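Asker: coords please:
(one chain, ligands or ions: 1)
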Amino acid sequence: MAAELRDPVRRMLESVLDDVRPLNAGEVASYIPELAIVDPDRLGAALASTHGVVHEAGDCDATFTIQSVSKPFVFALAVDALGLVEVNRHVGLEPSGEPFNAISLEATTGRPLNPMINAGAIVTTSLMRGDTAEEKFALVQAGLGKFAGRDLSVDEDVFSSEASTGDRNRALAYLTRSAGTLGSTADVATTAYFRQCSLTVNARDLAIMAATLATGGVNPVTDERVISEDAARWTMAVMTSCGMYDASGDWLVRVGLPAKSGVGGGIAAVQPGQFGIGTFSPRLDARGNSARGVATLELLSERHGLHML
Ligand code: DON
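Answerer: So this is what the prediction gives:
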């Protein structure tokens, strides 16, 4: 039997990718120089069900750095370890309506508005246990590996590139440190954060990571519980309100799935209780979200009624 008849989900993904492929809007991220060295035409989408079945279409083996798609998963690890109240003492839960690299300090508390923008994500990473960047990053790497169901490694070239061009992120770390909300020194937090952003994944990994949230915290492929059900729910809630930065409201209306994008070209989206989707396409729109990834998820949602509301 032909592969597409055996796997209708794959056929559904392929048909959407065929329609999205001709779009060549957007630019590959270049503010981190090493990110510009990527084939801009890559396009892949994977869907992992909460039963652990993974369907793939297009470039699902192509690796790229996770970048900001790491943020909800590190938030999940932090709230799982420390509880929501403690994490929320350091970082807010409100959409900022601002770009990912905005200077974000709530006037009365000194907290960044949410853990999906850089300022908030650097604070979340700083809250991981341990005193050094190595200790904090080791927990991030092990935790994200459990979400993906395999060991994830650092792209050292991207890491060096991030570290040598990351002064705005350092500035955000110093600001939160001076406001009393950072959980470590600025250097420890940004070193761990740059390594976190430089972890390499593929679209299949992102689908499984998202599906681990969809199940309420159990990786459906490895059957390992990664975080508590509460931590998964809180994480999906923050992705819903803040995951696509200043496009979050638009996204919620058009696509209606909790999601998170990264400047490496990845997007992870969750249909709670049902499945996770991972997409990869490197060209970004003006808000720093993968242009064809957004189009893929919009079409999938529209054609197959995936909107959660
Ligand atoms: O901190 C940065 O600027 C990057 N390492 C990650 C930013 C990012 O992925 C924004 N997402 N669209």
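Asker: next one: stretch 243-262 to chain centre, how far?
Answerer: On the basis of CA atoms, centre = their mean, to the nearest Å, stretch 243-262 sits 12 Å off its chain's mean C-alpha point.
Asker: Equivalent analysis for stretch 73-81, please.
Answerer: 13 Å.
Asker: what's in contact with it?
Answerer: With CB atoms under 8 Å, 6 or more residues apart in numbering as the test, stretch 73-81 has contacts from 87, 115-116, 121, 124-125, 127-129, 139-140, 143-144, 147, 196, 209, 213, 217, 226-228, 230-232, 234-235, 238. Bear in mind the C-beta positions are built from the backbone N, C-alpha and C, glycine included.
Asker: what about residue 18, how many neighbours?
Answerer: 12 (other CB atoms under 10 Å).
Asker: so which strand or helix has it?
Answerer: Using DSSP states H and E, residue 18 maps to helix 8-20.
Asker: which secondary structure elements does the next helix or strand after that helix contact?
Answerer: Sequence order places strand 27-28 as the next helix or strand after helix 8-20, per DSSP H and E. Counting contacts by 3 or more CB pairs under 8 Å, 6 or more residues apart in numbering; DSSP states H and E, strand 27-28 is packed against strand 283-284.
Asker: Show me the contact partners of the strand it packs on.
Answerer: 24, 25, 26, 27, 28, 29, 40, 263, 265, 290, 291, 292.
Asker: Contacts only, for the closest residue to the ligand within the stretch 101-250 of the chain.
Answerer: For the stretch 101-250 of the chain, the residue closest to the ligand is residue 197, as judged by CB to the nearest ligand atom, at 3.6 Å. Residue 197 is in contact with 65, 66, 67, 68, 70, 158, 162, 262, counting by CB under 8 Å, 6+ apart.
Asker: who wins for most neighbours among those residues?
Answerer: That'd be residue 70 among the contacts of residue 197, by other CB under 10 Å, with 31 neighbours.
Asker: pretty sure residue 146 is touching residue 219, no?
Answerer: Yes. Shown here, residue 146 and residue 219 form a contact pair, counting by CB atoms under 8 Å, at 6.5 Å.
Asker: Could you tell me which residues touch both of those two?
Answerer: Jointly contacting residue 146 and residue 219 under the rule CB under 8 Å, 6+ apart are residue 226.
Asker: Residue 52 and the ligand, how far apart?
Answerer: Applying CB to the nearest ligand atom, to the nearest Å, the value for residue 52 to the ligand is 28 Å.
Asker: what's in contact with stretch 229-245?
Answerer: For stretch 229-245, contacts defined as CB under 8 Å, 6+ apart pick out 72-73, 75-77, 79-80, 84, 93-96, 98-100, 113-117, 212-213, 215-217, 227, 248, 250-252, 258-261, 270, 272, 287-289.
Asker: From the residues you listed, which land in strands?
Answerer: Counting by DSSP state E, the part of the contacts of stretch 229-245 found in strands is 259, 260, 261, 270.
Asker: wait, which of the contacts of residue 197 is closest to residue 46?
Answerer: Closest approach to residue 46 among the contacts of residue 197 (CB to CB): residue 66, at 14.5 Å.
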